[in-house]
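Colleague: I would like the atomic coordinates for the input below:
(one chain, ligands or ions: 1)
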Amino acid sequence: MSSFLDRLGVPRRINAAGTLTRLGGSLMAPEVLEAMREAAASSVDMAELQSAASRRIAALTGAEAGLVTSGASAGLTLATAACLAGWDAARMAALPDTSRMPARMLMLRTHRNSYDHAVRLAGAQIVDVGHNDRGTGAGVRGVEPWEIESAIDSQTAGFVFVAGAGGAAAAGALPGVVEVMHRHGLPVVVDAAAQLPPAANLRRFVEQGADLVVFSGGKALGGPQASGLLIGRRALVGSALLQMMDMDVHPATWAPAELVDTARLRGTPLHGIGRGFKVGKEEIAGLLCALERFVARDEAAQAEAWAQRLRAVAAGLQGAPLLQTVLREAGPGGRAVPVLELRVGPEGRADPAAAAALCRRLQDQARPVHLAEDRLDEGVLLVNPLALAPQDDAMLVAGLRAALAQGAVGTEAAALAGGPSAASTS
Ligand SMILES: *Cc1c(COP(=O)(O)O)cnc(C)c1O
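Modeller: Have a look, this model is predicted:
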């Protein structure tokens, strides 16, 4: 009997690259699937379901309130919309037209990234603060409080802070940003999409004063791929929820979610900017179940289990040509997920062209293999265990050995790149 994916003709991939969205994100535990299955076969009031989700998320994260979104990127758009509109139904209706409201979101220049689009999508304009002296090697200075302060004007609506971004000096770290923004009565949104594990980060940014924090559900949380968390201050989460909910309601019978402060609304809002980020009852149930499991997990034991599997992979690669392995263990204050470094190239010299060629070979195999390419430009590939199914470990080793046994990846890489060495050897 062939499986559904087989019938579609879509190959399963061996994913040692991490919970990459383009490779389908995380793998869900049977309990999470069961929660989704039950929700899928039931009719529920979505406002009641999100209200229950908010109470559960609040209990598990320490935030005042929470919301299940269709991803961290959608969460950034909803968070921005909440900062722009608050409880103003007319502003909700106007977005993304922000011509009649303050709509400038500040960001540190060193934090700008391609998810900025999610912030602009709500109608906000991003205003850069500070310089990138350290990033460019031009100087030694990070951002200072006066620089953030002087960027604030009557059109400022809030601040977007990217957790885990480099280059944060004392004033550029989250508590410093929060101090300045709160002095002006303005909210701080934190993009913490990929900052899990450790689970402590579910609480950390709220404790540091963030007003809203977004996380991906389809990365390390192990929830449905199209899910995310938005947590933080009750009024802002409520505004975000209202701008996402289906509002095809009769004003006389509308039963809003608990988080919605009807006393502060001038009327019944229409479909908001977030209506297109519909989150299903299946995603809400699945993410809540995944969150409960994630918080209950023994992180040290999980890290050790991953490390053990990586040691076995390294042992299986012993003696393979053109490869040296180094295990990077998890540890307090260090990385949360252990990875196995593969240095690819002749005589222990890590060679970017060889690493790129090896990746292509692995992806062309009958059972395609994906490694993390974060450090490909150094000639180093990573085995990340986050989305690697344990039953795929042996096939990962076999796939790597087969690709390496095809011989000199470096020479082939030069030929593929069409560089000068390709011309001289042909
Ligand atoms: C992955 C990621 C996102 C987007 O998350 P989704 O849940 O896929 O929408 C946003 N910001 C950062 C920093 C990320 O790593």
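Colleague: going forward, measure contacts and count neighbours with C-alpha atoms only.
Modeller: Will do.
Colleague: spell out which residues of the stretch 51-200 of the chain are next to the ligand.
Modeller: When proximity is defined by CA under 6 Å from any ligand atom, the stretch 51-200 of the chain lies next to the ligand at 71, 72, 73, 74, 115, 191, 193, 194.
Colleague: ok, and what's touching the helix or strand containing the fourth one?
Modeller: So the one you mean is residue 74. Per DSSP states H and E, residue 74 falls inside helix 72-85. Residues outside helix 72-85 that contact it (CA atoms under 8 Å, 6 or more residues apart in numbering): 69, 91-92, 95, 101-103, 115, 118-124, 157-158, 187, 189, 191, 193, 212, 214-217, 227-230, 236-237, 239-241, 243-244, 273-274, 277.
Colleague: mind checking which of these are in helices?
Modeller: Assigned to helices by DSSP state H, the following of the contacts of helix 72-85 qualify: 91, 92, 118, 119, 120, 236, 237, 239, 240, 241.
Colleague: hang on, residue 271 in a strand?
Modeller: No. Assignment of residue 271 by DSSP: H, G, I helix; E, B strand; the rest coil gives coil, placing it outside any strand.
Colleague: grab the nearest non-local neighbour of it.
Modeller: Leaving aside its sequence neighbours, residue 271 sits nearest to residue 247 (CA to CA, 6 or more residues apart in numbering; 5.1 Å).
Colleague: report the contact partners of that neighbour.
Modeller: When contacts are counted by CA under 8 Å, 6+ apart, residue 247 touches 269, 270, 271.
Colleague: what's the last one sitting at in phi/psi?
Modeller: For residue 271, the backbone dihedrals are phi -50, psi 130 (criterion: degrees, to the nearest 10).
Colleague: for it, the count of nearby residues, please.
Modeller: Neighbour count for residue 271, taken as other CA atoms under 10 Å: 18.
Colleague: then residue 142?
Modeller: Residue 142 has 20 nearby residues by other CA under 10 Å.
Colleague: output the lowest mean pLDDT helix or strand found in the chain.
Modeller: helix 420-425 (a mean of 38; mean pLDDT, DSSP states H and E).
Colleague: other residues contacting the helix ranked longest in the chain?
Modeller: Ordering each helix of the chain by length in residues (DSSP H) puts helix 299-316 first. Defining contact as CA under 8 Å, 6+ apart, one finds that helix 299-316 is touched by 198, 325, 327, 329-330, 336-340, 383, 385, 390, 393-394, 396-397.
Colleague: and it, average pLDDT?
Modeller: In this model, helix 299-316 has an average pLDDT of 97.
Colleague: ok, now stretch 129-148?
Modeller: In this model, stretch 129-148 has an average pLDDT of 89.
Colleague: ok, now stretch 206-213?
Modeller: Over the span of stretch 206-213, the pLDDT mean works out to 97.
Colleague: anything in that stretch near the ligand?
Modeller: No. Judged by CA under 6 Å from any ligand atom, stretch 206-213 stays clear of the ligand, getting no closer than 11.0 Å.
Colleague: that stretch: end-to-end distance?
Modeller: 7 Å (CA to CA, to the nearest Å).
Colleague: quick one: buried residues of it?
Modeller: Buried positions in stretch 206-213, judged by neighbour count with 16 or more other CA atoms under 10 Å: 206, 209, 210, 211, 212, 213.
Colleague: ditto for stretch 17-37
Modeller: 17-20, 24-28, 32-33, 35-36.
Colleague: give me the residue from the stretch 151-300 of the chain nearest the ligand.
Modeller: Nearest residue of the stretch 151-300 of the chain to the ligand: residue 216, at 3.8 Å (CA to the nearest ligand atom).
Colleague: so what's that residue up against?
Modeller: Contact analysis of residue 216 by CA under 8 Å, 6+ apart lists 71, 72, 192, 193, 194, 227, 228, 229.
Colleague: the last one: neighbour count?
Modeller: To tie it back to what came earlier, the one meant is residue 229. 28.
Colleague: what of residue 43?
Modeller: Counted with other CA under 10 Å, residues neighbouring residue 43 total 8.
Colleague: where does it land in three-state SS?
Modeller: Strictly by three-state DSSP, residue 43 counts as coil.
Colleague: so what sits opposite residue 104 in the bridge?
Modeller: Taking DSSP bridges as the rule, residue 104 bridges to residue 125, residue 156.
Colleague: for residue 122, see how far away it is.
Modeller: Distance from residue 104 to residue 122, by CA to CA: 11 Å.
Colleague: now swap in residue 238 and tell me
Modeller: Distance, residue 238 to residue 122, by CA to CA: 16 Å.
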